[in-house]
Every structure is written in structure tokens, then in C-alpha cells.
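**Q** sequence first, then the predicted structure, then my questions.
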Amino acid sequence: MTTSPPGIHVRSAVELSGYTTLRLGGPATRFIEARTAREVIDAVRAADAAGEPLLVLGGGSNVLVADEGFDGTVVHIATKGVGMDSTSAGVVQLTAEAGENWDDVVAKTVSAGLGGLECLSGIPGLVGATPVQNVGAYGVEVSELLVSVDLLDRASGEVRTLTPDQLGLAYRTSVLKGTNRAVVLRVRFELADTGMSAPIRYAELANTLGVAPGERAPVERVRQSVLDLRRGKGMVLDEDDHDTWSAGSFFTNPVLSHDELDEALARIAAHVGTDVRIPQYPADGGGKLSAAWLIERAGFAKGYPGPGNRVSLSHSHTLALTNRGDGTTADLVSLAREVRDGVHRVFGVLLEAEPVLVGVTL
């Protein structure tokens, strides 16, 4: 058993369902609330030195934890601190501690008239998770704005600063995702001090704003429009709305090679008809399909129920799997498998889960 570092309080049998947006997950054997970067470093180093299984938990918005919980130490990141520094004419560097609420930080940048992060409004979770999975929405990705990340390298025990190139950022992933190699401590972004957004690339958002794709708009308008769009899809957390008791998009949009894409498009057309427009987007070496579109066309409508109606697809968006209040992780996994296998059976496209799976597999 790991020894608690001086000054750090360790609790036992803490239910992780209280720390995830799905409200799912059993107890952690040991639970540490780390409120400073120093506490994070000390707690992680102590667990690693003792050979203790370790789960680093942020906002719990992109994680699915087994009903049996986690037999080890959970370090919950609760660090705070946001700084904005002018680095050159019209450019401001934002530095945020990993435990800051992501949307609160975005709101602060918008209030300060800084452009860049406004399209990422309403995304649940903490700052530290954003570079790990290269968070993106409405045509913007963290990789476009990221300057550097401070992290604890667990192999060496040293604190290092990595650039975006060193993080290997790609669509919803990085060299850190799916590994335990490092813990993010703080993140830096470069933003524009213009009061205007990044160029609007996403057609749905451009239509809502009444601008042409590629044009800019005031950051306040863009943030509000993004929040409105996300609420309409059940993607803004609401304690009273079970459609938001999710991990956001449960499946990533499948990225296929040119050959795989041609084969998939032919199979999809044979199923839905050649006169139906199939949403697709360019991607390196091939193309990207819409997971939500595939799920619906495979027969899984909004609100599609899982075991005992305890879990279901969101009634607002088929890409979100939701806990209706009394669901279990086993229930959600069953529904996820049914949807994944159904899409593969109909279209030959294999969807991959976006959340981190702790103690469970699909």
C-alpha cells in the first residue's frame, strides 16, 4: 500500500460515480484531492514509487469507470489558476492550471475579448484533459492554439514542458491518450486580442451566426451560438436533464483510408440509396464519416433504449450515451456494444469509443 505524502489527505472507498458526468463508477480504494501542482506531483510520485495502481481523474467528462470501481489510488486534479500575459502586439498567452474548469476558462477569455477558444465553449471537463485528446468542436481544435504543456513524466519523475509537435496531436488524440506516461499540470494557449473569433469553418455554426464560412464574428456572439447549438443536442451539463448525463460524444467519427472510404461509401449507398447525401469530410490519407449519421441510419434513433431503459441514446443526439438516473456501467457498455456492432453489421464501419475506459472493455 502506498504511503500518503506529508500534508495530503487520503480517503477510502470514495464512489467515483460522484466524480463523472455519467454518474457511473464504483469505489476507489484510495482517493486524493490534489489542490496544487505540488500535491499532484507528490501524490503521483508516491503511488508510482510504491507500485500502486493509479488513476488520475479530472472532470470525469470523458471516462467510463467499471461498477466495481478502481482498486488503487485515484488522484483527483483540483488545481486552480489562470493567467493572461501579452506576448506581442495583439497576442495574449493564456496559462491555465490543469484543474480549472474548461468552460469557465473559455468564458474568461471571451470576457477579455480574446479570440480562439470560443468555438470550444460548453465542453465539459478540465483544462488538463484538452491536449490529451486534442479536444475539438465546430471546426476548431486545441492543437491550433496550443503553445506548450507542463507535465509530470512518470517514468523519470521529472516535470517537463512539451510543445504541440512533441505531443503528436491528431484527430481526438495525442501521444498521451490511452497511456499512463504523464500527468498534465498546466497548459498554455496563444490567443488573439481582437475581440473577434477564429474563422468560422463549421457550416452549421456559420448559418446560425449568419456569416459565410471563413468569416469571423464577435467572440461573445460565437460563444453564445455554440452554447445554444450544444444545448439543443444535450451537450451542455444540466443536473436536472438526464440527456446531459453522458460522456459527450461516445464514439469518434471514423477516419478511413481512401480505399476503406470507397468501400464504405458503396456499402452505405446500397443501404440508404444513391440519392441520399452521405456526410463526409477530408482527412489525412482518406476521409472522415459522421458517426452520428451512421448510428441513426443503422437503426438507432434518438432515445434508443438500453437494458431496462436505465440507459439510452440521448433524446437530443445519437452520439451521446446517457444514464437515465439508475443505470450501471454494465448497462452502458451493453448499449455501446449493441450500437457499435449494429453499425459494423450494416455498414462495415467499426466505431471506436472516445471516453477512457477504466476496468471495462467494449
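**A** That came in fine, so what should we check first?
**Q** kindly state the pLDDT recorded for Ser4?
**A** Per-residue pLDDT puts Ser4 at 66.
**Q** all helices of the stretch 101-250 of the chain, in order?
**A** 102-111, 164-167, 203-209, 219-232 (DSSP state H, counting those that start in this stretch).
**Q** state the pLDDT value of the residue positioned nearest the centre of the chain.
**A** Geometric centre of the chain, nearest residue: Asn62, 5.1 Å, by Cα atoms, centre = their mean. Note for Asn62: predicted pLDDT of 91.
**Q** contacts only, for it.
**A** When contacts are counted by Cβ atoms under 8 Å, 6 or more residues apart in numbering, Asn62 is found next to Gly125, Ala129, Gln133, Ala247, Gly248, Glu354, Pro355, Val356. C-beta coordinates here come from the backbone N, C-alpha and C atoms, glycine included.
**Q** of those residues - the most surrounded one?
**A** The most crowded member of the contacts of Asn62, judged by other Cβ atoms under 10 Å, is Ala129 (28 neighbours).
**Q** wouldn't that residue be in contact with Val142 here?
**A** No: under the criterion of Cβ atoms under 8 Å, Ala129 lies out of contact with Val142, with a separation of 9.8 Å.
**Q** okay, and the common contacts of the two?
**A** Common neighbours of Ala129 and Val142 (criterion: Cβ under 8 Å, 6+ apart): Val135.
**Q** still on that earlier bit, can I get the contacts of Asn62 in CSV including pLDDT?
**A** Shown next, in CSV, are the contacts of Asn62 (pLDDT from 0 to 100):
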residue, pLDDT
Gly125, 92
Ala129, 95
Gln133, 91
Ala247, 94
Gly248, 89
Glu354, 92
Pro355, 93
Val356, 91
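**Q** in strands only, show me these.
**A** Counted as lying in strands by DSSP state E, out of the contacts of Asn62, are Val356.
**Q** ok, of the contacts of Asn62, which one's closest to Leu335?
**A** Of all the contacts of Asn62, Leu335 sits closest to Ala247, with 12.5 Å by Cβ to Cβ.
**Q** how much space between the closest one and Ala28?
**A** Going from Ala247 to Ala28 by Cβ to Cβ, to the nearest Å gives 18 Å.
**Q** over to Asp331?
**A** 21 Å.
**Q** have a look at those two and say which one is more surrounded.
**A** Taking other Cβ under 10 Å, Asp331 and Ala28 do not tie; Ala28 has more neighbours (25 against 22).
**Q** how about low-confidence regions in the chain?
**A** Counting by pLDDT under 70, the chain contains low-confidence ranges at 1-4, 6.
**Q** which parts of it belong to which domain?
**A** Domain assignment for the chain by automatic domain parsing gives 10-77, 82-232, 242-358.
**Q** need the contact partners of the longest helix anywhere in the chain.
**A** Longest helix in the chain by number of residues (criterion: DSSP state H): helix 329-347. Residues outside helix 329-347 that contact it (Cβ under 8 Å, 6+ apart): 22, 24-26, 64-67, 250-251, 264, 267-268, 271, 291, 294-295, 297-300, 304, 306-308, 310-313, 321, 323, 349-351, 353, 360, 362.
**Q** and with 6 Å instead?
**A** Helix 329-347 has contacts (Cβ atoms under 6 Å, 6 or more residues apart in numbering) with 24, 66-67, 267-268, 294-295, 298, 300, 306-307, 310-311, 321, 349-351, 360, 362.
**Q** and if you look at stretch 37-47?
**A** The contact list for stretch 37-47 (Cβ under 6 Å, 6+ apart) reads 2, 5, 8, 32, 34, 54, 73, 75, 79, 152, 157, 183, 185.
**Q** just the buried ones among the residues you listed, please.
**A** Among these, the ones that count as buried by 16 or more other Cβ atoms under 10 Å are Thr2, Pro5, Ile8, Ile32, Ala34, Leu54, Thr73, Val75, Thr79, Leu152, Val183, Leu185.
**Q** which members of those residues occur in strands, if any?
**A** Using DSSP E, those in strands are Ile32, Ala34, Leu54, Thr73, Val75, Leu152, Val183, Leu185.
**Q** for the closest residue to the third one other than its chain neighbours, give me phi and psi.
**A** Leaving out its chain neighbours, the residue that sits closest to Leu54 by Cβ to Cβ, 6 or more residues apart in numbering is Ala47, at 4.4 Å. The phi and psi torsions at Ala47 (degrees, to the nearest 10) take the values phi -60, psi -40.
**Q** which residues touch Glu33?
**A** Taking Cβ under 6 Å, 6+ apart, one finds His76, Ala78 in contact with Glu33.
**Q** is it in a bridge, and if so with what?
**A** With DSSP bridges as the criterion, Glu33 is bridged to His76.
**Q** so it versus Gly25, what's the distance?
**A** Taking Cβ to Cβ as the measure, Glu33 and Gly25 are separated by 16 Å.
**Q** same check, this time on Val343
**A** Counting by Cβ to Cβ - Val343 and Gly25 are separated by 26 Å.
**Q** neighbour count winner among these two?
**A** Taking other Cβ under 10 Å, Val343 and Gly25 do not tie; Gly25 has more neighbours (28 against 23).
**Q** what's the neighbour count on the nearest residue in space to the more buried one that is not next to it in sequence?
**A** Leaving aside its sequence neighbours, Gly25 sits nearest to Val65 (Cβ to Cβ, 6+ apart; 3.0 Å). Look at Val65: counted by other Cβ under 10 Å, it has 29 neighbours.
**Q** sweet, I'm off.
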